[in-house]
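Undergrad: Predicted coordinates and the sequence they were generated for:
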Number of protein chains: 2
Amino acid sequence: MPTTLLIVDDDADVLKAAAAALAATADRVETAATPETLIARPEAYDAVLLDMNFAIGARDGAEGLDVLDRLQAADPALSVVLMTTYGGVSLAVQALKRGAADFVLKPWRNEPLAEAMRAAMALTAERRASGRALNLDDLEKRSIERAMLLYDGNVSHAAAALGLTRPALYRRMERHGL
Amino acid sequence: MPTTLLIVDDDADVLKAAAAALAATADRVETAATPETLIARPEAYDAVLLDMNFAIGARDGAEGLDVLDRLQAADPALSVVLMTTYGGVSLAVQALKRGAADFVLKPWRNEPLAEAMRAAMALTAERRASGRALNLDDLEKRSIERAMLLYDGNVSHAAAALGLTRPALYRRMERHGL
DNA sequence: GCCGCGGTGTCCGGAATCGGACACGTGCCG
DNA sequence: CGGCACGTGTCCGATTCCGGACACCGCGGC
């Protein structure tokens, strides 16, 4: 599956530089001057690098946070990396608490940026996979594995925690190949 | 259930000030000069306010991150708020990405700090509640609710996504009282 | 109109699951 | 040692759950 990155910034030079820096990180790198295309089709991308300030002179990042919120609503699995020039600690904290995958300052160094985007794409992939897996069977398997780990191998306790009887747990473990 | 906060800092004055600021936020507020008691009994607390620098002169926050990691391993549900004087954006980003609930700079303002700790306690409570619920029955119920929301009420599609047949979904919904 | 399509809600015989019970192993304490 | 608490692994009759099938409904299109 080809991977696609989107970079959103109102400064054409920034777009160009970022696209160049990330060209080798994903199969496709798109750029946009506004978040509109992004909000319309968030599922088309594997990760987004998003500038926080669009209005001229804006520097409090409110717009970036707003776009972030709307993206989360539209596609909770998509990882968003925020970037800004005027970033303070409190802005970074807000961004991450609101669900940004990472936060980078302009100007950036290319290698760490690429690394961050790689991590973001991986996170998106993971979340999309586990989101699709609201498959009950699969979910049951994971829970059983967690429970067995948590009670390190003690079948009786794990069964109790999972809310079923010990024979039932044996059966289900076998069914899942554990 | 009485709520308990722990504040960890190597500076006695900081401990005193923070304890005073948070006295009204939780039922009990404990203080400690080192993270040791914390690592030994993380489940005794509902949230932790943790200084990032213990070695004299240390200011890169590595110790705080290290303690954070160990805490996550010991009790993943416990919310940790990190604080530091020498914090830069990158340190804040690292802290949050590693799972800190929030990140505050010294000196702090009392009201936002109290608010942050309240939020952290709420988060801990939530995570503890849903952590206990590795109960399969309960988990199945939540998944079904999610699926029904996602396919807004379409039973057939929801059933397909959950990996079971439509009659089966009807039965389980009834069993869960939905 | 009327057919096809995609949806809902329900039925029932056969198959799978349930859980109490059993046999057994192991470590601990009086 | 004997008792006992706690664990595992397995058996089997009763119970439950499964899912294909059926009847029905509302809607768009020829």
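TA: Good, I have the coordinates. Since this is a predicted model, take the numbers as computed values, not measurements.
Undergrad: Can you check the pLDDT for the residue located most distally from the centre of chain A?
TA: The outermost residue of chain A relative to its centre, with distances by Cα atoms, centre = their mean, is A:Pro167 at 39.1 Å. Per-residue pLDDT puts A:Pro167 at 92.
Undergrad: Could you do A:Ala58 as well?
TA: Among the per-residue scores, A:Ala58 holds a pLDDT of 64.
Undergrad: ditto for A:Ala23
TA: Reading off the per-residue confidence, A:Ala23 sits at a pLDDT of 93.
Undergrad: Make sure it is actually in contact with A:Glu30.
TA: No - under the criterion of Cβ atoms under 8 Å, A:Ala23 is not in contact with A:Glu30, lying 11.7 Å apart. Yep, even glycine has a C-beta here, placed from its N, CA and C like the rest.
Undergrad: Quickly list the domain ranges of chain A.
TA: A:4-132, A:136-175 (automatic domain parsing).
Undergrad: Pull out the buried positions in the helix or strand bottoming out on mean pLDDT in chain A.
TA: Across the helices and strands of chain A, mean confidence by mean pLDDT, DSSP states H and E is lowest for helix A:36-40: a mean of 79. Burial within helix A:36-40, assessed by neighbour count using 16 or more other Cβ atoms under 10 Å in any protein chain shown, is assigned to A:Leu38.
Undergrad: for stretch A:61-76, same thing?
TA: Applying a neighbour-count criterion of 16+ other Cβ under 10 Å, the buried positions in stretch A:61-76 are A:61, A:63-65, A:67-68, A:71-72, A:75.
Undergrad: which of those lies closest to A:Asp10?
TA: The shortest distance between A:Asp10 and any of those, using Cβ to Cβ, involves A:Glu63 and amounts to 10.1 Å.
Undergrad: and the closest one, how far is that from A:Phe54?
TA: Between A:Glu63 and A:Phe54 the distance, using Cβ to Cβ, to the nearest Å, works out to 5 Å.
Undergrad: again, but for A:Arg171
TA: Spatial separation of A:Arg171 from A:Phe54 under the definition Cβ to Cβ is 57 Å.
Undergrad: do A:Ala95 as well
TA: Distance from A:Ala95 to A:Phe54, counting by Cβ to Cβ: 15 Å.
Undergrad: what do you get for A:Leu22?
TA: A:Leu22 sits at a distance of 20 Å from A:Phe54 (criterion: Cβ to Cβ).
Undergrad: same question, A:Leu78
TA: Looking at A:Leu78 against A:Phe54, where the rule is Cβ to Cβ, the gap reads 19 Å.
Undergrad: Which of these two has more residues huddled nearby?
TA: Relative neighbour count places A:Leu78 above the other of A:Leu78 and A:Phe54, with 24 against 17, counting by other Cβ atoms under 10 Å in any protein chain shown.
Undergrad: Which strand or helix spans that one?
TA: Here A:Leu78 sits in a region with no helix or strand, counting by DSSP states H and E.
Undergrad: What's the separation between the closest residue to it other than its chain neighbours and A:Val29?
TA: Take A:Leu78 and drop its neighbours on the chain: the residue closest to it by Cβ to Cβ, 6 or more residues apart in numbering or on different chains is A:Pro42, 5.1 Å away. In this structure, A:Pro42 and A:Val29 are 16 Å apart, going by Cβ to Cβ.
Undergrad: Quick check: residues of chain A near DNA strand C?
TA: In this structure, chain A approaches DNA strand C at residues A:164-168, A:171-172, A:175, judged by Cβ under 7 Å from any atom of the strand.
Undergrad: and chain A, which of its residues are near DNA strand D?
TA: Of all the residues in chain A, those lying near DNA strand D are A:153-157, A:166-167, A:170, going by Cβ under 7 Å from any atom of the strand.
Undergrad: can you rerun that using 6 Å?
TA: Chain A has residues A:154-156, A:167, A:170 near DNA strand D, with proximity defined as Cβ under 6 Å from any atom of the strand.
Undergrad: So which residues of chain A form helices?
TA: A:12-22, A:36-40, A:62-74, A:89-97, A:110-132, A:136-150, A:155-162, A:166-175 (DSSP state H).
Undergrad: who wins for proximity to chain B among those helices?
TA: With respect to chain B, and counting by Cβ to the nearest Cβ, the nearest of these is helix A:89-97 at 4.0 Å.
Undergrad: Kindly indicate which of the residues of chain A next to DNA strand D lies nearest B:Thr124.
TA: Comparing the residues of chain A next to DNA strand D against B:Thr124 with Cβ to Cβ places A:Asn154 closest, at 26.0 Å.
Undergrad: Next, count neighbours for that closest one.
TA: By the criterion of other Cβ under 10 Å, A:Asn154 has 13 neighbours.
Undergrad: ok, now which ones touch it?
TA: Contact criterion Cβ atoms under 8 Å, 6 or more residues apart in numbering or on different chains gives no residues in contact with A:Asn154.
Undergrad: Poorly predicted segments of chain A, please.
TA: Within chain A, the ranges that satisfy pLDDT under 70 run A:55-59, A:130-133.
Undergrad: correct me, but A:Asp9 touches A:Ala33?
TA: Yes - counting by Cβ under 8 Å, a contact exists between A:Asp9 and A:Ala33, whose distance comes to 7.2 Å.
Undergrad: show me the contacts for the residue sitting nearest the centre point of chain A.
TA: The centre of chain A sits closest to A:Ser79, judged by Cα atoms, centre = their mean, with a distance of 2.7 Å. Neighbour list for A:Ser79: A:46-48, A:101, A:120-121, A:123-124, A:127 [criterion: Cβ under 8 Å, 6+ apart].
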